[in-house]
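1. Quick one, what's the 3D model for this:
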Amino acid sequence: MQALLHLIYPPQCLSCDARVTTDFGLCGTCWRDTPFITGLVCTKCGTPLPGEDRAVEVLCDDCLLIARPWANGRAALLYKDNARNLVLSLKHGDRIDLAKPAAQWLYRAAQPILQPGMLVAPVPLHWLRLVRRRYNQAALLSAGVAKLAGLDHCPDLLQRRRNTHTQDGRDRDGRFANMSDALTVHPARSTRVDGRHILLVDDVMTSGATLAAAAEACIAGGAIGVSVLVMARVAKDA
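-> Down below sits the predicted model:
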């Protein structure tokens, strides 16, 4: 049946109309224009670093300067070129079909930081933004990662106390100030946090302010540790 469907509806590239050999794939041109992160990365945020990966802790300049309330972090892509197009299409373009392949990329990137018994949860949207967008792209990604990893998933573990609006246009200090005390554990989910290691999932990390607020909320709720995972990392040279 699958072969017949492919004859009638040949698989197309996730980014363009070019034909590809498998569903949810990228053509050669789009693949080359999509900066997947490999090799040595920052232990805390997943930014690629020069040098060989020797499985030891190493930090980027940002993570040396900023205290991160989480233990480990990884990213699947650098936020530029075609990766930026894919993120924006998922986030604003109703391309929820991108969540499945993106979750597979995230799962591969997360291998070094996954732990048995982790609880996977997305960074939440404010309810007003969720109503307008109709879905939380981070929740689509976290659900896919949890399924692939065989881990528990809680899509509403966290909630926003207030509408923080967009972080675009704010400097680093402004981003952290905007997110200060903005997130909390959902009262009905407090028992799921206590004593657990939480894997927080989001689409993009820029300064890390939103993930920091989410990690602090989890720790305040009784989590014994937090790791973070994002589809794309904004790097200084991006």
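
2. tell me the phi and psi of Gln159?
-> phi -140, psi 160 (degrees, to the nearest 10).

3. Name the nearest residue to it, sequence neighbours excluded.
-> Spatial nearest neighbour of Gln159, chain neighbours left out: His186 (4.9 Å); criterion: C-beta to C-beta, 6 or more residues apart in numbering. All C-beta atoms are positioned from the backbone trio N, CA, C, and that covers glycine.

4. my guess is Leu88 is in a helix, correct?
-> Yes. Leu88: assigned to a helix according to DSSP: H, G, I helix; E, B strand; the rest coil.

5. Now for it, how many residues are close by?
-> 15 (other C-beta atoms under 10 Å).

6. thinking again about what came up before, what pLDDT does the residue nearest to Gln159 get?
-> On the pLDDT scale, His186 is placed at 96.

7. Check Ile8 too.
-> The model's pLDDT for Ile8 equals 55.

8. ok, now Trp127?
-> pLDDT at Trp127 comes out at 89.

9. mind listing what it touches?
-> With contacts defined as C-beta atoms under 8 Å, 6 or more residues apart in numbering, Trp127 is in contact with Arg160.

10. ok so, going back, now the residue nearest to Gln159: how far from Cys154?
-> Remark: distance between His186 and Cys154 (C-beta to C-beta, to the nearest Å) = 9 Å.

11. what about stretch 30-45, average pLDDT?
-> Here the average pLDDT along stretch 30-45 is 96.

12. how far is it from where the chain is centred?
-> 13 Å (C-alpha atoms, centre = their mean, to the nearest Å).

13. For that stretch, list the C-alpha coordinates in PDB.
-> Provided in PDB are the C-alpha atoms of stretch 30-45 (Å, rounded to 0.1, in the frame of the first residue of the first chain):
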ATOM      1  CA  CYS A  30      18.000  21.500   1.100                       C
ATOM      2  CA  TRP A  31      20.000  19.000   3.200                       C
ATOM      3  CA  ARG A  32      23.300  20.900   2.400                       C
ATOM      4  CA  ASP A  33      21.600  24.200   3.400                       C
ATOM      5  CA  THR A  34      20.400  22.800   6.700                       C
ATOM      6  CA  PRO A  35      23.100  23.200   9.400                       C
ATOM      7  CA  PHE A  36      22.800  20.100  11.600                       C
ATOM      8  CA  ILE A  37      24.900  20.200  14.700                       C
ATOM      9  CA  THR A  38      27.500  17.500  15.000                       C
ATOM     10  CA  GLY A  39      30.800  17.000  16.700                       C
ATOM     11  CA  LEU A  40      32.000  18.800  19.900                       C
ATOM     12  CA  VAL A  41      29.200  20.900  21.500                       C
ATOM     13  CA  CYS A  42      28.700  23.000  24.600                       C
ATOM     14  CA  THR A  43      27.500  20.700  27.400                       C
ATOM     15  CA  LYS A  44      24.900  23.200  28.600                       C
ATOM     16  CA  CYS A  45      23.400  24.600  25.400                       C
END
